[in-house]
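Q: here is my input; please provide its structure:
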Amino acid sequence: MSEGESTIYEVARRAAVSISTVSLAINHPDRVRSDTLDRILAVIDETGFVPKERAVARARAGVGRIAVIAPFTSYPAYARRLNGVFTELGRDGTQVIVYDHEDIAMASSPLLDAMPVKGHVDGIIIMDMPIDGRIVARLHQRLPAVVIGGAERALSRVDVDDFQGGRLVGERLAEWGHRRVAFVREAQVTLFAQSPTQQRFDGLASVLGRDSVLDVTVPHSEDAGRDAVRQLFTDPDRSTWPTAILATRDLVAIRVLRAAYESGIRVPENLSIVGYDDDPTAEAIGLTTIRNPLEETGAMAVRVLQRLMRGGPVEDVRLPVTLIERGTAGPVSAGGHLAQDQAHLGSP
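A: Numbering: from 1, shown residues only. Down below sits the predicted model:
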């Protein structure tokens, strides 16, 4: 049966449900049992059913809306990407529907399952979300989609070279004489398709060697900096202490910086600290960091999506990052390591 020939009655019959349940699955998928939803969507995929509203929208060349999905409440960097989306759209009249990733934190979710079928948007931008293979196929067939930071190759993708970001930091620290470096990452609060944090670690380790990089995980909280200092600077053997730290994002670096000052560790004389993203606060406090083109990725995703909506091909775009040198990182001091009597490490 070709697309457009199927009716809601045919879908209901094949899925062994009522017409109202089919409608509910399309418009409010979170209110339908997962097994029933899967069965209905499988029939829709098989028959090529198009809801009446979507058929009307297609006839008038779109509804003038796109959706954006990201972990906005968990990681503020995504707000910068969203700003890029809004800036690129400007005043062209396109509406943006924003969904918080925390509502759809798994690879398969009722919202994303049904969105390609519902037809209430002309396209979708998905930021750092793992996507089930069935949903990928459904998006590919029914709804133009761009993934930011995902590993899925069947969909158009906009990414940042996070491996190169870690590598740039590693090369500069090596030039400055650092041989033992800590990488401080947060415990993730949402499931990413392809962790930018891991790519940054891998880039750093590719220069310095994995044996020279201490991989430290801290809580996703205000205690991140103190926890990092406790883990890294309490061993009586000072040769185990790092002379530099790369944090997975600027906020973590700032918390480590505060904990270092509270502990009597001089930055950058005793310890170099590097962040990631180049948030506005990083410039204000003079934090050495990697500039992550967050706004540019949002803007680029819009441009790629618009080309897809006009029938363009699948694209894979990768944007570069830049090392911004400020005051929190520099060459290893003559002593090489922080003297234990210089720091108050008992209660950072």
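Q: these two touch, right, Thr73 and Asp100?
A: Yes. Applying C-beta atoms under 8 Å, one finds Thr73 in contact with Asp100, separated by 5.6 Å. In short, each C-beta sits where N, CA and C put it, glycine included.
Q: how close does Thr94 sit to Ala67?
A: For Thr94, the distance to Ala67 equals 11 Å [C-beta to C-beta, to the nearest Å].
Q: what of Ala15?
A: 25 Å.
Q: please apply the same query to Asn83.
A: Asn83 is 17 Å from Ala67, by C-beta to C-beta.
Q: who's more crowded, these two?
A: Neighbours were counted for Asn83 and for Ala67 using other C-beta atoms under 10 Å; Ala67 has more, 21 against 14.
Q: confirm for me that the more buried one is in contact with Met115.
A: Yes. With contacts counted by C-beta under 8 Å, Ala67 reaches Met115, the gap being 6.7 Å.
Q: who's in contact with the nearest residue to Arg172 once chain neighbours are set aside?
A: Leaving aside its chain neighbours, Arg172 sits nearest to Leu323 (6.1 Å; criterion: C-beta to C-beta, 6 or more residues apart in numbering). Contacts here follow C-beta atoms under 8 Å, 6 or more residues apart in numbering; on that basis Leu323 touches Gly165, Leu168, Val169, Arg172, Thr288, Thr289, Ile290, Arg291.
Q: residues near the fourth one, how many?
A: To tie it back to what came earlier, the one meant is Arg172. 19.
Q: could you do the third one as well?
A: A total of 30 residues lie near Val169 under the criterion other C-beta under 10 Å.
Q: which element, helix or strand, includes it?
A: Using DSSP states H and E, Val169 falls within helix 162-175.
Q: contacts for that helix, please.
A: 181, 196, 199-208, 244, 246, 272, 274, 276, 290, 292, 320-323, 325, 329.
Q: so which of these sit within strands?
A: Val181, Ala244, Leu246, Ser272, Val274, Tyr276, Ile290, Thr322, Leu323 (DSSP state E).
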